[in-house]
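1. Okay, predicted coordinates and the sequence, questions at the end:
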Amino acid sequence: MTGWRLGSRSGTWLAVADPAGPETAGQDEPGGAGQQTFPQTDPAQLGRLASSDYLRNYSLGMVLVAVVVCLANFLSAAPGQPAGGQLNLLCLLVYLAAVACSAARILRGSQWRTLAWSWLAALLLSSVVLRSQLPVVQIGSGADWSFGAFGFVAAVVLFGQPLAVMVAALIANSCIGLGVLAALGHLDQQTLVPYAATTVGVSVFPLAAAIFYPQLVRVARLAAQDIRGRQALLAQELKASQVAADRAHRSAAIEMSAAPLLQALADSSADPQDPQIQTAARIESARLRRLFAEVDEVGDPLLHEVRASMDAVERHGVAVTLETRGPIPGLPVMLRRALLEAPMSTLASAVGSARIVIIAGPRSLSISVVTDGSPGPAPAPPGRPDTTTTTTTAENVTWTQTSWEPA
């Protein structure tokens, strides 16, 4: 930043650079060495990942349980069944195929409705065919292996469906045995009581797994909300710290540049009628307007700050024209200050007319100002290695250009 001091020999006001400017510029500039950074992660994406991990791991665990129960029940019961090995094997293949398709769906993270109902119908149909071949004494016993395996397979197939569907499936599984018993004429207390106890035993764990799934969905949703809340809170803290840093830097800039001039006017060491003092005052007025404009949230901050300087000189009757060529890229605050310092100081020295030209390229930007006034106090260099400033003067014409090309 530029300040003002009285020349020791000539008695004129000179623009001098802020000694702390180049060393501290990177600390306040977004992306600089001292700037806090925050990972640009979409909160919704984090929420989806958390939910997917919770539900996928639980569902795959239940897939493994269903496979183990099917194989264990089949190997322990099928050899003693009168239904025959082929019919038992066919029922086992239907059960395992339903589990395999459900596992593939879980890994893809997709949902199904029609296929879930189709697989549920296939499971019930295979159970009806197999259990209808059993004698009364084996209904609901260890030999009735599909009865105990059905609940776990149905739970895997129906993950993501309403809980009422799972309850209805378990009731249907129990009704199949009751239907077989009724067809054989054995709906007596001696048969129904053991069957009811077995029904409760084979249904309670699959039902608990089905009940736990929506609770896990709720937990995953709350975890996603917590992640989004943390992201929003950290973003607010980061924004607040950046606003505080920018405010402190602007305060220091005002103290370094405008305060000495105001102090000189206050203690009468500077003459308000001196043309150089008047020019210095206009430069400081334009600079203050740019500093204040930096806090505005606009689509193109560079043009916004240029127009703030234009407004300052137009109040003194100067006619200013502005031309832009090419899309202006988004630039950090310190780079915008370095680009605007010299051209806007020349603009503040205009007497009757001025012209501003901004040329933006893919990786370059130049700002030039032509005025009909004298160059005024020489502005300090921008203090950045990637910017260059050139000033040319002729009779009643001053041209200043600052260019930026990243290394």
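-> The structure has been received and is ready for your questions.
2. Quick check, pLDDT for residue 392.
-> Predicted confidence (pLDDT) for residue 392: 89.
3. OK, contacts around the closest residue to residue 333 other than its chain neighbours?
-> What sits nearest to residue 333 in space, not counting adjacent residues and going by C-beta to C-beta, 6 or more residues apart in numbering, is residue 294, at 5.9 Å. Where C-beta positions appear, they are placed from N, C-alpha and C, glycine not excepted. Going by C-beta atoms under 8 Å, 6 or more residues apart in numbering, residue 294 touches 246, 250, 301, 305, 333, 336.
4. I figured the fourth one hits residue 290, correct?
-> Think residue 305. Yes. Under the criterion of C-beta atoms under 8 Å, residue 305 makes contact with residue 290 at 4.5 Å.
5. Could you measure from residue 385 over to residue 338?
-> According to C-beta to C-beta, to the nearest Å, residue 385 stands 10 Å off from residue 338.
6. wait, I meant residue 262
-> Taking C-beta to C-beta as the measure, residue 262 falls 24 Å from residue 338.
7. Counting neighbours, go ahead and name the busier of these two.
-> residue 338 (24 against 14; other C-beta atoms under 10 Å).
8. Can I get the contacts of residue 294 in JSON lines including neighbour count?
-> Below are these laid out as JSON lines (neighbours: other C-beta atoms under 10 Å):
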{"residue": "246", "neighbour count": "16"}
{"residue": "250", "neighbour count": "19"}
{"residue": "301", "neighbour count": "19"}
{"residue": "305", "neighbour count": "25"}
{"residue": "333", "neighbour count": "21"}
{"residue": "336", "neighbour count": "22"}
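9. Quick check: residue 321 is in a helix.
-> No. Secondary structure of residue 321 (DSSP: H, G, I helix; E, B strand; the rest coil): strand, not part of a helix.
10. Let's verify the closest residue to it other than its chain neighbours: helix, strand, or coil?
-> Closest residue to residue 321 apart from its sequence neighbours, by C-beta to C-beta, 6+ apart: residue 355 at 5.0 Å. Recorded secondary structure, residue 355: strand (three-state DSSP).
11. Give me the helices and strands touching the helix or strand harbouring residue 279, please.
-> Assigned by DSSP states H and E, residue 279 falls within helix 275-293. Where contact means 3 or more C-beta pairs under 8 Å, 6 or more residues apart in numbering; DSSP states H and E, helix 275-293 is packed against strand 2-6, strand 13-17, helix 189-266, helix 301-314, helix 333-348.
12. Go through these and name the closest to residue 326.
-> Ranking the helices and strands packed on helix 275-293 by proximity to residue 326 (C-beta to C-beta) places helix 301-314 first, at 12.3 Å.
13. buried residues in the closest one?
-> 301-302, 304-310, 312-313 (16 or more other C-beta atoms under 10 Å).
14. Mind checking the pLDDT average for that helix?
-> For helix 301-314, mean pLDDT rounds to 86.
15. Just the helices from the stretch 51-200 of the chain, written as ranges.
-> 85-108, 114-131, 145-157, 163-183, 189-266 (DSSP state H, counting those that start in this stretch).
16. any chance of the ones you listed in a markdown table, plus distance to residue 404?
-> A markdown table is the format used below for these (distance: least, C-beta to C-beta, whole Å):
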| stretch | distance to residue 404 |
| --- | --- |
| helix 85-108 | 49 |
| helix 114-131 | 60 |
| helix 145-157 | 62 |
| helix 163-183 | 63 |
| helix 189-266 | 20 |
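17. got a list of what residue 62 touches?
-> Taking C-beta under 8 Å, 6+ apart, we find residue 62 in contact with 152, 155-156, 159, 209.
18. Read off the pLDDT value for residue 33.
-> Reported pLDDT at residue 33 in the predicted model: 35.
19. cool, residue 20 as well?
-> Model confidence at residue 20, given as pLDDT, is 38.
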